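*Asks:* structure, please.
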Amino acid sequence: MRHANVLILTDDTEFARLLTACWQTERQAPGITVLSSELWRAQDAPRHDLVVVGPVGEGKLPSVLRSLDPGTAVILCAPADSREFGQLRAKYPRLVHIPLREDWAQTLLLVAGESLRRAEATRIAREAERNAAKNENYATLGRYMLDMKHSVNNALTSMLGNAELLLLEPGQLSSQSLAQIKTIHSMALRINEIMQRFSSLAAEMKEAENASQAETIETPASTFPRR
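*Replies:* This next block holds a predicted model:
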């Protein structure tokens, strides 16, 4: 939670002061930004994990809510009757209303904590999805390289063979051509080493995958007591 960003949007300075003070007593306090409705500019605002909307000027609440991203988690801690809140809830599915009663601060902290944990879990899940997609791209590239390994090896064999044939008769070549052929031969050998190492890594990864699968199959059976 300490890496989370929370925006307190209110025109009531006492509300902001009390809520900030309560949050700072927590063991893991998020980063807190306090803005009034006059200073709030949606287009200039950074992304926040949670927005707490406190009391604002009369008639400003609808415009404040409209300016928020629909996907943002919002806690409304301002006067609102059940009918008004029902209408707001229909427009903003992630809106939670906490009445301004005696225990509002503690209730808000509990709800906010749960909301921030959900936001963190969503962030982790999305990052995992991005990593999975990236790994899938790498896997596709790896499979392509394995499929092309035979063709690459054939091409390297031809390059090395022809280069070696030319190097057997150095007198027929100029010094510049001889140096260039030696470079081609040397680089072909280097590529061959890389391909051999790639084949070795692929074999090691395959063995590790097979061992992991075998261990997974054996583990459940070993958990049952022997009779």
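
*Asks:* what helix or strand is Leu7 on?
*Replies:* strand 5-9 (DSSP states H and E).

*Asks:* could you dump stretch 91-103 to PDB, C-alpha only?
*Replies:* The C-alpha coordinates for stretch 91-103 follow below in PDB (Å, rounded to 0.1, in the frame of the first residue of the first chain):
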ATOM      1  CA  LYS A  91     -23.300   6.000 -13.400                       C
ATOM      2  CA  TYR A  92     -20.100   5.100 -11.400                       C
ATOM      3  CA  PRO A  93     -20.000   1.300 -10.700                       C
ATOM      4  CA  ARG A  94     -16.900   1.500  -8.600                       C
ATOM      5  CA  LEU A  95     -18.300   4.300  -6.300                       C
ATOM      6  CA  VAL A  96     -18.700   3.500  -2.600                       C
ATOM      7  CA  HIS A  97     -20.600   5.900  -0.300                       C
ATOM      8  CA  ILE A  98     -19.600   6.300   3.300                       C
ATOM      9  CA  PRO A  99     -21.900   8.500   5.400                       C
ATOM     10  CA  LEU A 100     -20.400  11.400   7.400                       C
ATOM     11  CA  ARG A 101     -21.200  10.000  10.800                       C
ATOM     12  CA  GLU A 102     -19.100   9.700  14.000                       C
ATOM     13  CA  ASP A 103     -16.900   6.700  12.800                       C
END
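
*Asks:* for it, buried residues please.
*Replies:* Neighbour-count burial for stretch 91-103 flags Tyr92, Arg94, Leu95, Val96, His97, Ile98 (criterion: 16 or more other C-beta atoms under 10 Å). Quick note: C-beta positions are derived from backbone N, CA and C, even for glycine.

*Asks:* in its sheet, which strands sit next to the strand holding Leu7, and in what direction?
*Replies:* Note on strand 5-9: by DSSP bridges, its sheet partners are strand 31-35 (parallel), strand 50-53 (parallel).

*Asks:* which among the buried residues of stretch 91-103 gets closest to Ser186?
*Replies:* Nearest to Ser186, judged by C-beta to C-beta, of the buried residues of stretch 91-103 is Arg94 at 62.6 Å.
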